[in-house]
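Colleague: need a 3D model of the sequence below.
(3 chains)
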Amino acid sequence: MIGRYVLRFAALGYIAALLATPVGYVFGKTFGHGFWPAWHGVATPDAVHALKLTLIIAAIAVPANTIFGVLAALAIVRHRFPGAGIFNAVVDLPLALSPVVVGLALLLLYGRGGWLGGHHVLFALPGMVLATMLVCLPFVVREVVPVLREIGTEQEQAAATLGASALQTFVRVTWPAIRWATAFGVVLGTARALGEFGAVSVVSGRLAEQTETLTLYVQDRYQAFDETGAYASAVVLALIAVTTLLLMTALKPKEETR
Amino acid sequence: MAANAQALPAPRARRSAAPGLAIGLSTLYLSVIVLLPLAALASRAHGWDAITSAQATSALRLTLLVSLTVALINAVAGTAIAWTLVRDRFLGQGFVNALVDLPFALPTIVAGLTLLTLYRDVAFTRWAILLALLFVTLPFVVRTVQPVLLELDTEMEDAAASLGASRLATFRRVILPNIFPAILSGVALAFARAVGEFGSVVLISGNLPFKTEVASVYVFGRIESGDTGGAAAASVVILAISCGVLLTIGGVRRWATRHDR
Amino acid sequence: MRRISLALLLALVFPALAAGAAQDTKLTLVAYSTPREAYGQLIPSFQKTAAGKDLSFSQSYGASGEQSRAVVSGLDADVVAFSLAPDISALVQKKLVAQSWNKDKWHGMVTRSVVVFVVRDGNPKKLKAWSDLLKPGVQIVTPNPFTSGGARWNVMAAYGGALRAGKTPKQAETYLTQMWKHVVAQPASAREGLQTFLAGRGDVFLAYENEALFAQKKGQPVQFVIPKATILIENPIAVTSTSKHKPQAQAFLNFLRTKPAQRIFAENGYRPLVKGVTQGLNFPNRPQLFTIKYVGGWAKVEQKFFDPRTGIMAKIQAASGG
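Modeller: You can find the predicted model right below:
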């Protein structure tokens, strides 16, 4: 009995010290002077453009990664092909990549003198989308693969013997089983895409109102000693990510939560 | 099953395009997005003294040491937190649950700025690096262990308790083996993240060569000094090492679940 | 599927919209981070003049070295304005800026500043000269000269300060080694450095006067002293050779050296190139002011001090820990 309380307070204490305090600090800094200064901090044209850009990048990178994620999960689990193991390992690779390395690799590939250089990929939207796609790549795959493994092929094979095409099987049998895993992967990928800073900062060129994302804007505001603006923008990013997560949790069917 | 397949060959024939498409498209995507940039990186790596210099090995050692420490702390703390979120009931539990995902949602640069101001007494020391990394890796083990705990049938635990096992023994013999693979997955993720972390560490660590300079900051320094070849070389080495550790953890995980196959 | 098509459509349309909106000629300014506010005032001023009437600007601000590297990697620019001349020389090497960029009467510069000591309230450790930094227990914060090109001004100011105090070059190098033992943090950039210092680290932060003045303007509790011997920081600006609007870009550069423009720079903390624009502002003269030429000129200095393998600072960094 005591053990339960000890564990509870230990766990909550850890979270409070490590997590709640910084988060509380961010909110305190944002709203320290009241709501309207915070609002003005994020309602600047630069901030609005930065937010739009961040959302556009996420709107391209996340769906692309979702399609890839589902296809790749199907490929890895259902279709044994030579190199599936390596494929799986490469999919996980972005998790081990430092943003500095990502930026450098993209710079070397698409920059002047690189193999694919000179096509206006870098310092423009395409480069930033590519960087975001890279860092967000694993999330959907990782969520869907275990589910696919778990549900097994019985239902799909049954559908096939009943004459369903691959597409019909996918839509009617596979997708309903993996959609929540996919959704969760999408949420994680979106949060990652919104918060991406390191790699994007290398390939963005920081053209105000063109290639400055909201995270870059946070850095810029902080460096201009505009703390309210910086933290308010950070709060916007965090709120979007957390909202997506809460939506997901709320929409999840009851039998999947305890 | 085989009898069915032989009795109805037509559906099989219709399915044959789908696997190829899935494999082909996803391999193409993977190659363009991940492999091609890394190949460009590896091709420009040169100047091995960027890796063998004392400063580089010092940064690497520090990074590996801190990342392993962080991974281990997370193994314990993450499991404890997951347990509290699943098995316990208290006011505000849902709020705490949502809070755990915040390190995912906060840009790393914000984490760095915040930690710098909050914990200025430990700033620019190795403890600061530990702190920053613990913050950004907090969700990993929690989120891999939580679903497993949720699925876990309490029958076995009740059975063990009714047979007289202490809570600790129950945990060790019944629960831990079931969540161990999940803990390992989370540890691997936390480790990988810690090794590459830049945004939150660069501000709070002070970047003192040999004392508080981590691998990602070292690579950054190489880039800034115009030594792109050396930066690429260092990146390749760091990547290889963290992949090695990840593969080892994955291997241990497969060994631990060998009886589940 | 529809979501994806919409997103792709947006991705294609967005840049097209941005391009289409530019009816006027658009100049791209790639600059280091500090003068962002200054240019925020200068560009509208320029656009009120006859030369700037039909010009619009695209602006990019970031760390000087990073911006320089971005231009080398393909970031299109018409005007480049960096913290120190070597960042422009890097472009000259790649034929992105003409070799004659600094052959005008301003030697390619647009603003000036000096290296200062940012100290704690009341300067409790009485840090006034370079020799004071070696007092026992003094903790120094300076940006890392290998991640922040601007930090090289600090190193050369220290070196030149030692020379001015009568030391030989060898003794001045020893001074640098001893000084570096007092460095307790090397943030990646100048601005980060100031924030590190304001967060409580160190007794002194080596900064540029314009940075310190900017921070004061923003309400930060910054106090600084200017040592008698300090280096004159000169910030360069150039038109790129790849610019498609060279006459307009040059017109902008010319504007920046006029009195009204220099006054705006001065109000933002920079020491101006021209006389007669500093009324009401305080830019104390320093008796032992010297330029980069006094310590050998950038070309020599880059190689002798900042070569990543053989430079004096590289050796000092390597020896400081290990």
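Colleague: wait, C:A38 touches C:P272, no?
Modeller: No: between C:A38 and C:P272 there is no contact under Cβ atoms under 8 Å: 11.4 Å. All C-beta atoms are positioned from the backbone trio N, CA, C, and that covers glycine.
Colleague: between the two, what contacts are shared?
Modeller: Counting by Cβ atoms under 8 Å, 6 or more residues apart in numbering or on different chains, the contacts common to C:A38 and C:P272 are C:F265.
Colleague: close to chain B: what parts of chain C are there?
Modeller: Chain C comes close to chain B at residues C:65-66, C:69, C:90, C:144, C:146-149, C:183-188, C:192, C:195-196, C:199-201, C:306, C:308-309, C:317-318, C:320-322, as judged by Cβ under 8 Å from any Cβ of the partner chain.
Colleague: now with 6 Å?
Modeller: Contact residues (Cβ under 6 Å from any Cβ of the partner chain) of chain C with chain B: C:65, C:144, C:146-147, C:185-186, C:188, C:199-201, C:308, C:317, C:321-322.
Colleague: please indicate which of these are buried?
Modeller: C:G65, C:N144, C:F146, C:T147, C:A185, C:Q186, C:A188, C:A199, C:R201, C:P308, C:Q317 (16 or more other Cβ atoms under 10 Å in any protein chain shown).
Colleague: helix, strand, or coil at the closest residue to the fifth one other than its chain neighbours?
Modeller: This points to C:A185. Counting by Cβ to Cβ, 6 or more residues apart in numbering or on different chains, C:A185 lies nearest to B:G206, which is 3.7 Å off, once chain neighbours are set aside. Of the three states, B:G206 takes coil under DSSP: H, G, I helix; E, B strand; the rest coil.
Colleague: mind checking pLDDT for B:G206?
Modeller: Per-residue pLDDT puts B:G206 at 77.
Colleague: and it, how far is that from B:S200?
Modeller: Using Cβ to Cβ, to the nearest Å, B:G206 is found at 13 Å from B:S200.
Colleague: what of B:L168?
Modeller: Distance, B:L168 to B:S200, using Cβ to Cβ: 36 Å.
Colleague: quick check, nearest of the residues of chain C next to chain B to A:R179?
Modeller: Each of the residues of chain C next to chain B was scored against A:R179 by Cβ to Cβ, and C:A188 proved nearest at 43.2 Å.
Colleague: my read is C:K26 is in a helix, agree?
Modeller: No: read with three-state DSSP, C:K26 is strand and lies in no helix.
Colleague: contacting residues for it?
Modeller: C:K26 is in contact with C:S56, C:S58, counting by Cβ atoms under 6 Å, 6 or more residues apart in numbering or on different chains.
Colleague: that one bridge partners, please.
Modeller: Going by DSSP bridges, C:K26 is paired in beta bridges with C:S56.
Colleague: residue 94: what's it in contact with?
Modeller: Chain wasn't specified; assuming chain A. Taking Cβ under 6 Å, 6+ apart as the criterion, A:P94 is in contact with A:L134, A:V135, A:L137, A:P138.
Colleague: hmm, no, I was thinking of chain C.
Modeller: By Cβ under 6 Å, 6+ apart, the contact list for C:K94 reads C:V72.
Colleague: mind running it again at 10 Å?
Modeller: Counting by Cβ atoms under 10 Å, 6 or more residues apart in numbering or on different chains, C:K94 touches A:R112, A:G113, C:V71, C:V72, C:S73, C:S241.
Colleague: now a PyMOL select for only the buried ones of the residues you listed.
Modeller: Entered in PyMOL, the line below selects the buried ones among the contacts of C:K94, by 16+ other Cβ under 10 Å:
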select buried, chain C and resi 71+72+73
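Colleague: which of the contacts of C:K94 fall in helices?
Modeller: Within these, residues falling in helices by DSSP state H are C:V71, C:V72, C:S73.
Colleague: name the nearest of these relative to B:P37.
Modeller: C:S73 (13.8 Å).
Colleague: joint contacts of B:G206 and B:S200?
Modeller: B:L116, B:A128, B:I129.
Colleague: and the second one, how far from chain A?
Modeller: It stands for B:A128. 13 Å (Cβ to the nearest Cβ, to the nearest Å).
Colleague: quick check, that residue in a helix?
Modeller: Yes: judged by three-state DSSP, B:A128 forms part of a helix.
Colleague: and A:Q219, how many residues sit next to it?
Modeller: Other residues within reach of A:Q219, judged by other Cβ atoms under 10 Å in any protein chain shown, total 26.
Colleague: correct me, but it touches A:G229?
Modeller: No: if you go by Cβ atoms under 10 Å, A:Q219 and A:G229 don't touch, sitting 11.2 Å apart.
Colleague: what segments of the stretch 101-250 of chain B are helices?
Modeller: With DSSP state H, counting those that start in this stretch as the criterion, the stretch 101-250 of chain B has helices at B:102-105, B:108-118, B:126-151, B:154-162, B:167-170, B:176-196, B:199-204, B:215-224, B:228-256.
Colleague: dump those to a markdown table, plus mean neighbour count.
Modeller: Below are the helices of the stretch 101-250 of chain B laid out as a markdown table (neighbours: other Cβ atoms under 10 Å in any protein chain shown):
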| stretch | mean neighbour count |
| --- | --- |
| helix B:102-105 | 24 |
| helix B:108-118 | 25 |
| helix B:126-151 | 22 |
| helix B:154-162 | 13 |
| helix B:167-170 | 14 |
| helix B:176-196 | 23 |
| helix B:199-204 | 28 |
| helix B:215-224 | 27 |
| helix B:228-256 | 19 |
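Colleague: can you redo those helices as JSON lines with distance to B:L35?
Modeller: Formatted as JSON lines, the helices of the stretch 101-250 of chain B follow (distance: least, Cβ to Cβ, whole Å):
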{"stretch": "helix B:102-105", "distance to B:L35": "26"}
{"stretch": "helix B:108-118", "distance to B:L35": "25"}
{"stretch": "helix B:126-151", "distance to B:L35": "25"}
{"stretch": "helix B:154-162", "distance to B:L35": "44"}
{"stretch": "helix B:167-170", "distance to B:L35": "47"}
{"stretch": "helix B:176-196", "distance to B:L35": "18"}
{"stretch": "helix B:199-204", "distance to B:L35": "25"}
{"stretch": "helix B:215-224", "distance to B:L35": "20"}
{"stretch": "helix B:228-256", "distance to B:L35": "13"}
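Colleague: please name whichever of those is nearest to B:I73.
Modeller: Nearest of the helices of the stretch 101-250 of chain B (Cβ to Cβ): helix B:126-151, 6.4 Å.
Colleague: using PDB, list the CA coordinates for stretch A:49-69.
Modeller: Only the C-alpha atoms of stretch A:49-69 are listed here, as PDB (Å, rounded to 0.1, in the frame of the first residue of the first chain):
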ATOM      1  CA  HIS A  49       3.800  33.900 -42.200                       C
ATOM      2  CA  ALA A  50       6.100  31.700 -40.200                       C
ATOM      3  CA  LEU A  51       3.100  29.700 -38.800                       C
ATOM      4  CA  LYS A  52       1.600  29.400 -42.300                       C
ATOM      5  CA  LEU A  53       4.900  28.100 -43.600                       C
ATOM      6  CA  THR A  54       5.200  25.600 -40.800                       C
ATOM      7  CA  LEU A  55       1.700  24.300 -41.400                       C
ATOM      8  CA  ILE A  56       2.300  24.100 -45.100                       C
ATOM      9  CA  ILE A  57       5.400  22.100 -44.600                       C
ATOM     10  CA  ALA A  58       3.600  19.800 -42.200                       C
ATOM     11  CA  ALA A  59       0.700  19.500 -44.600                       C
ATOM     12  CA  ILE A  60       3.000  18.200 -47.300                       C
ATOM     13  CA  ALA A  61       5.500  16.100 -45.300                       C
ATOM     14  CA  VAL A  62       3.000  14.300 -43.000                       C
ATOM     15  CA  PRO A  63       0.600  12.900 -45.600                       C
ATOM     16  CA  ALA A  64       3.500  11.800 -47.800                       C
ATOM     17  CA  ASN A  65       5.100  10.100 -44.800                       C
ATOM     18  CA  THR A  66       1.700   8.500 -43.900                       C
ATOM     19  CA  ILE A  67       1.300   7.000 -47.300                       C
ATOM     20  CA  PHE A  68       4.900   5.800 -47.200                       C
ATOM     21  CA  GLY A  69       4.400   4.500 -43.700                       C
END
